[in-house]
Every structure is written in C-alpha cells, then in structure tokens.
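Visitor: Sequence first, then the predicted structure:
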Amino acid sequence: MVLVVIGILVGLSIPRLHQFKHQFYLTAMISDLRNLAATEEGYWSTGDSYTSDFSALRFNVSQGVWVTFVQADSLGWSATATHDNDTSTCAIYYGNAPPVAPATVKNYIGCSK
C-alpha cells in the first residue's frame, strides 16, 4: 500500500517538475535578451549604430542559452534565444528591424511555448 501511494505522488510530481524546468529555461532566455537590449542601447549611444559583435558589446550569455543576431545596423536590431535543454524560442526586435517570430510587438520579448 505504501508503494502505491509513493508511486502516485511521484507520478503527480514529475509533470510539475518539468513545468518548473521549462519556466527556468524561459526565464534565462528572457533575461539574456533583456540584458542584450540594454547593452545594445548603451552601444548605440556611443556610436549611433547597433552591432552583432558580442565582444564589442562585452556581452556574455547564460549557461545553456544561445543568442543569435538576425540583424543589427544603424536602424535597429533583432535577435533570438534558445536553450540547450528546451524547445522554446524567444525573440526581440528594436528600431526598424523586421519582426522575428515569436516576437510580434517591437521592443517586447516573445516566446514560443
């Protein structure tokens, strides 16, 4: 009887654990994109242009997160973020850069579930 109860509790907790991990990965991607946005604006204020060069931005991503620039020029920039352990993608675009899915509103981070 005790093993049945333990089995039920474990069965109920595994989906919840997966949801917590997914939320953690989304939070890491969103945080990196927010930090990238602040860094890009600082870079633009000194040179009137955006860049896709991480070393020029002095920007480091979180462990497991991959940030990829789609576009970066004097008119705007866009980037996506993924995580090694999750299938979701987050994106953001600024200025006159074209929208990048799943971001649908300029200056706001959008994530696929």
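Guide: Right, received. Where do you want to start? Residues are numbered from 1 along each chain as shown.
Visitor: and Leu33, that one's in a strand?
Guide: No: secondary structure of Leu33 (DSSP: H, G, I helix; E, B strand; the rest coil): helix, not part of a strand.
Visitor: wait, isn't it in contact with Tyr93?
Guide: No: contact between Leu33 and Tyr93 fails when scored by Cβ atoms under 8 Å: they sit 10.4 Å apart. C-beta here means a position set from N, CA and C on the backbone, and glycine is covered the same way.
Visitor: Between these two, which contacts overlap?
Guide: Ala79 (Cβ atoms under 8 Å, 6 or more residues apart in numbering).
Visitor: what stretches of this structure score poorly on pLDDT?
Guide: 9-10, 12-16 (pLDDT under 70).
Visitor: What segments of it are helices?
Guide: For the chain, helices defined by DSSP state H occupy the ranges 2-47, 54-57.
Visitor: so which of the ones you listed gets nearest Ala72?
Guide: Closest approach to Ala72 among those (Cβ to Cβ): helix 2-47, 7.7 Å.
Visitor: Next up, the contacts around the residue nearest the centre of the chain.
Guide: Nearest residue to the geometric centre of the chain (Cα atoms, centre = their mean): Met29, 2.6 Å. Counting by Cβ under 8 Å, 6+ apart, Met29 touches 65, 81-83, 88, 90, 111.
Visitor: Burial check on the residue lying closest to Leu57 once chain neighbours are set aside, number of neighbours?
Guide: Leaving aside its chain neighbours, Leu57 sits nearest to Thr39 (4.9 Å; criterion: Cβ to Cβ, 6 or more residues apart in numbering). A count of neighbours around Thr39, defined by other Cβ atoms under 10 Å, yields 16.
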